[in-house]
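Trainee: quick one: sequence and predicted model below, then my questions.
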Amino acid sequence: MWTQLAVGFVGLCGGTIVATALAAFVIGLGIIPRYAGITHTGNHLLLYESSLVAGTIFGNLVQLYHIRIPLGMPGLVLVGLGFGIFLGSWIIALGEVVNVFAIMARRVGLTKGVGFVVVSLAAGKTLGSLYHFFCLKGI
């Protein structure tokens, strides 16, 4: 019993450190302030950052202790949609922060159609995720 408690405590501490480091990384890159600037809600910046940290810690607890949250299929769809929006937005914002698209466009000589390239990347990510979750589920 003591071994299980110790392992649970170490897992909780390690997961909290990783989750908080991820939140600090996202905040440090300036992704949250960028979202607040785009949506004109900069007065809620501390709420966004606190929500990010609380979400990562809550997600850590759910993952570590296998907490079941009975939301049914509609809840699963909403949570999956939220995860997808968060991940996709994070990837796009990270790419914007480090100027990946500007560097890529300059290297390949792309002058027109940058919006099409971004939409194509998002569509490819979406289709790849759907293929992975629905077609490769049995593997």
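Mentor: Yes, it's here.
Trainee: and the helix or strand containing residue 34, how far out from the chain middle?
Mentor: Assigning secondary structure by DSSP states H and E places residue 34 in helix 31-39. Helix 31-39 sits 15 Å away from the centroid of its parent chain (C-alpha atoms, centre = their mean, to the nearest Å).
Trainee: helices and strands of this structure: which one has the lowest mean pLDDT?
Mentor: helix 100-108 (a mean of 74; mean pLDDT, DSSP states H and E).
Trainee: next SSE downstream of that one?
Mentor: Next element after helix 100-108 (DSSP H and E): helix 114-135.
Trainee: low-confidence ranges, this structure, go.
Mentor: Along the chain, segments meeting pLDDT under 70 span 94-98, 100-101, 137-139.
Trainee: secondary structure class for the residue most central in space within it?
Mentor: Geometric centre of the chain, nearest residue: residue 87, 3.4 Å, by C-alpha atoms, centre = their mean. Going by DSSP: H, G, I helix; E, B strand; the rest coil, the secondary structure assigned to residue 87 is helix.
Trainee: look up how far residue 99 lies from residue 28.
Mentor: 17 Å (C-beta to C-beta, to the nearest Å). C-beta: built from backbone N, CA, C; applies to glycine.
Trainee: kindly report the same for residue 110.
Mentor: 14 Å.
Trainee: which of the two has more residues huddled nearby?
Mentor: Using other C-beta atoms under 10 Å as the criterion, residue 110 and residue 99 rank with residue 110 on top: 14 against 11.
Trainee: what about the residue nearest to that one when sequence neighbours are not counted, how many residues nearby?
Mentor: Distances taken as C-beta to C-beta, 6 or more residues apart in numbering put residue 117 closest to residue 110, at 6.9 Å, once the chain neighbours are dropped. Per other C-beta under 10 Å, the neighbour tally for residue 117 reads 14.
Trainee: what's next to stretch 43-52, contact-wise?
Mentor: Applying C-beta atoms under 8 Å, 6 or more residues apart in numbering, the external contacts of stretch 43-52 come out as 23, 26-27, 32-33, 35-36.
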